[in-house]
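Chemist: A structural model of the following input is requested.
(chains A and B)
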Amino acid sequence: MLIKMNESVILAKHINFSYGKTPILTDLSLSITTGKIYGIIGPSGSGKTTLIKAILGLIKLNSGELSVFGQKIISRELIHIGYMPQLTALYEDLTVFQNIDFFARMYGTKNRTEIIHILLKQVKLLDYKNQVIGKLSGGQRQRVSLAIALVHNPPLILLDEPTVGLDPKLRFELWQYFEELSRQGTTLLISSHTMDDANHCQKIGFLYDGSIVIEGSPKELCESIGNKKMTLEEVFLHIISNS
Amino acid sequence: MDLQRIVALIRRIVLQIVQDRRSIALIVVAPLIIMSLVGFSFIDKTNILNTIAPALIATFVLFLTFMLTAVSFLRERQLGTLERLTTTPVRTFEILIGYLVSFCFFSIIQSLIVVFFTIFALGIDYQGAIWQMLVIVLIETIVSVNLGIFISTFAKNEFQVVQFIPLILAPQIFLSGVILPVSELPIYFQVIAKILPLRYAVDCFQGIMLKGNSLNEISNDLIILCGFGVVFLCLAALTIRRLK
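Modeler: This is a model prediction of the structure:
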């Protein structure tokens, strides 16, 4: 699949979604271009996971247009998306290798063993490849889950709260890895509720009550309110208190 | 349809069950214990034992396949692996085929163990061919797996799956000719028995194993059992699509 630089990988126009009568996404629009790390930052319940599920085609929108790689999401496009859910979503009674290998087979990945070994090295789990998932710590499971999202080398990766449960050193290494992926042309959409994660993103959309209330690079956002420079946290609090 | 994906699904499901010793015990040891209890209780009453043994094989297939599928599928939902699976290029019917083939494999092993146990340990003299019995096992497994997938959507945890035993399984055991022939039940229970898949499975097993009937001679019961399979297959497919 040919993807041009600066082309919209994900394009959402005025999308709306509600569970019953409760609105979750309200008139949300966004555009994410190739090779960018885009952070969807917002508090719990703001609609981050729902937005990711909408992009994956797991939920049916009430209205609006949403396209991925210029097309409405359909099953065969999923081959181009890597997804790391909020729940680690692993088979507890299988080993690390068996879990990654299973999903690699689902994507039809060639040279599976070689690729899995490279990934395990990158997420620092090579010594645990024959360990059953049920015996791993939360952080180790997160890394297995990440390896699954990367196993088919997708051009777009959706990561739902990927740094939860990771220690600072591991989080730092993970962000270095994300930046490396971005340099190679992979587009990353990362949801988080921490400003630490937000600072690593190239572009941020603050999500509040199902809408993106402000968008821009961390630098732009920090300079967006008045004349004084604010932290991202202060910007977010300022915006939601005025909305 | 991608054969490699289906094989991977089968491999994973079989691996998960094989690595869980309790599931293996449920598949192999539990039927042998029940069969031994029944067998040695009726050791002098050959007629009763001959009638009950095929009915119990049908019951084991329904009960164990239903329970294992319902719990496996519920776990897939709870852990989020089903959702993750549906974000891969896998198709609904590939997931269904994966589950069906895996559980058919275990049902056949289980049925063969029970049949050989009843022949060699309990001395039951079957009339029909074993391969014909295995055809019924396969069809009944299709019914049970799809029923398990469908019913698992109504359960939020494993405890709630167990609650379906008195609702879905127990009435079938009482009304399907396992304990008393259906013809000896009150007329209103006979009417209810007509909508129970186990009744037709029991009739098929007894027809082949006791009377030595061919598949052709039990075709009416077989067609109805297949009908249940098709209905539950559609419900299971809708269930997975709804969860996507």
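Chemist: can you pull out the low-pLDDT segments for chain A?
Modeler: The model of chain A has pLDDT under 70 over residues A:1-6, A:74-77, A:227, A:243.
Chemist: that one against chain B: which residues are in contact?
Modeler: A:56, A:58, A:75-76, A:78-79, A:81, A:83, A:85, A:87-94, A:98, A:102-103, A:105-108, A:148 (CB under 8 Å from any CB of the partner chain). The C-beta positions use only the backbone N, C-alpha and C, and glycine is treated the same way.
Chemist: out of those residues, which end up buried?
Modeler: A:56, A:58, A:78-79, A:81, A:83, A:85, A:87-94, A:98, A:102-103, A:105-107, A:148 (16 or more other CB atoms under 10 Å in any protein chain shown).
Chemist: still on that earlier bit, which ones among the residues of chain A next to chain B map onto strands?
Modeler: Applying DSSP state E to the residues of chain A next to chain B, the entries found in strands are A:Ile81, A:Tyr83.
Chemist: need the helices for chain A, in chain order.
Modeler: A:48-56, A:96-107, A:112-122, A:138-150, A:168-183, A:195-200, A:218-222, A:232-242 (DSSP state H).
Chemist: residues in contact with A:Gly165?
Modeler: By CB atoms under 8 Å, 6 or more residues apart in numbering or on different chains, the contact set of A:Gly165 is A:Gly138, A:Gly139, A:Gln142.
Chemist: which residues does the residue positioned nearest the centre of chain A bridge with?
Modeler: Nearest to the centroid of the C-alpha atoms of chain A, with distances taken as CA atoms, centre = their mean, sits A:Leu159, at 2.4 Å. Here A:Leu159 shows beta-bridge partners A:Met84, A:Ile190, assigned using DSSP bridges.
Chemist: distance check, it against A:His200.
Modeler: Noted for A:Leu159: a distance of 12 Å to A:His200, by CB to CB, to the nearest Å.
Chemist: isn't B:Ile240 right up against B:Arg91?
Modeler: No: taking contacts as CB atoms under 8 Å, B:Ile240 lies outside contact range of B:Arg91: 9.7 Å.
Chemist: which of the two has more residues huddled nearby?
Modeler: More neighbours surround B:Ile240 than the other of B:Ile240 and B:Arg91, with 22 against 16 (other CB atoms under 10 Å in any protein chain shown).
Chemist: would the more buried one count as being in a helix?
Modeler: Yes: with DSSP: H, G, I helix; E, B strand; the rest coil as the criterion, B:Ile240 is assigned to a helix.
Chemist: show me what contacts it?
Modeler: For B:Ile240, the contact set (CB under 8 Å, 6+ apart) comprises B:Leu82, B:Thr86, B:Thr92, B:Ile95, B:Leu96, B:Ile149.
Chemist: show me which of these is closest to B:Arg11.
Modeler: B:Ile95 (13.7 Å; CB to CB).
Chemist: residues in contact with that closest one?
Modeler: B:Leu9, B:Leu85, B:Ile240.
Chemist: again with B:Ile17
Modeler: Applying CB under 8 Å, 6+ apart, the residues contacting B:Ile17 are B:Ser23, B:Ile24, B:Ile27, B:Leu68, B:Ser72, B:Ser102, B:Phe106.
Chemist: in what helix or strand does it lie?
Modeler: For B:Ile17, the element it lies in under DSSP states H and E is helix B:3-19.
Chemist: buried residues in that helix?
Modeler: B:Arg5, B:Ile6, B:Ala8, B:Leu9, B:Ile10, B:Arg11, B:Arg12, B:Ile13, B:Val14, B:Leu15, B:Gln16, B:Ile17.
Chemist: let me know the average pLDDT across it.
Modeler: Per-residue pLDDT values over helix B:3-19 give a mean of 92.
Chemist: that helix vs helix A:96-107, what angle?
Modeler: With axes from the mean of the first three to the mean of the last three CA atoms, to 10 degrees defining the directions, helix B:3-19 sits at 150 degrees from helix A:96-107.
Chemist: just to revisit the earlier point, okay, the helices of chain A in CSV with distance to B:Phe228 next?
Modeler: CSV is the format used below for the helices of chain A (distance: least, CB to CB, whole Å):
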stretch, distance to B:Phe228
helix A:48-56, 34
helix A:96-107, 30
helix A:112-122, 39
helix A:138-150, 37
helix A:168-183, 50
helix A:195-200, 52
helix A:218-222, 60
helix A:232-242, 55
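Chemist: out of these, nearest to A:Gln131?
Modeler: A:Gln131 sits nearest to helix A:96-107 of all the helices of chain A, at 5.7 Å, using CB to CB.
Chemist: just to revisit the earlier point, between the contacts of B:Ile17, which is closest to A:Ile10?
Modeler: B:Ser72 (34.0 Å).
Chemist: chain B against chain A: which residues are in contact?
Modeler: B:2, B:4-5, B:7-8, B:11-12, B:15-16, B:19-20, B:79-81, B:83-91, B:244.
Chemist: and with 10 Å instead?
Modeler: B:2, B:4-5, B:7-9, B:11-13, B:15-20, B:23, B:75-76, B:78-92, B:94, B:243-244 (CB under 10 Å from any CB of the partner chain).
Chemist: and B:Thr153, backbone torsions?
Modeler: Here the main-chain torsion angles of B:Thr153 (degrees, to the nearest 10) amount to phi -70, psi -20.
Chemist: wait, it sits on B:Arg77?
Modeler: Yes: distance between B:Thr153 and B:Arg77: 7.9 Å, which falls inside the contact criterion (CB atoms under 10 Å).
Chemist: so between these two, which is more surrounded?
Modeler: B:Thr153 (18 against 15).
Chemist: in chain B, which segments are predicted with low confidence?
Modeler: In chain B, residues with pLDDT under 70: B:243-244.
Chemist: the top helix by length along it: how far from the chain's middle?
Modeler: If you go by DSSP H, chain B has its longest helix at helix B:46-79. Chain-centre distance of helix B:46-79: 5 Å, with CA atoms, centre = their mean, to the nearest Å.
Chemist: and B:Ser183, how far from B:Phe232?
Modeler: 26 Å.
Chemist: those two: which has the busier surroundings?
Modeler: Between B:Ser183 and B:Phe232, counted using other CB under 10 Å, the more crowded position is B:Phe232 (22 against 8).
Chemist: which parts of stretch A:103-122 are buried?
Modeler: Buried, per 16+ other CB under 10 Å, within stretch A:103-122: A:Phe103, A:Ala104, A:Arg105, A:Met106, A:Tyr107, A:Thr109, A:Arg112, A:Ile115, A:Ile116, A:Leu119, A:Leu120, A:Gln122.
Chemist: surely the second one is in contact with A:Leu120?
Modeler: So that's A:Ala104. No: assessed by CB under 10 Å, A:Ala104 is found out of contact with A:Leu120, at 12.0 Å.
Chemist: many thanks, have a good one.
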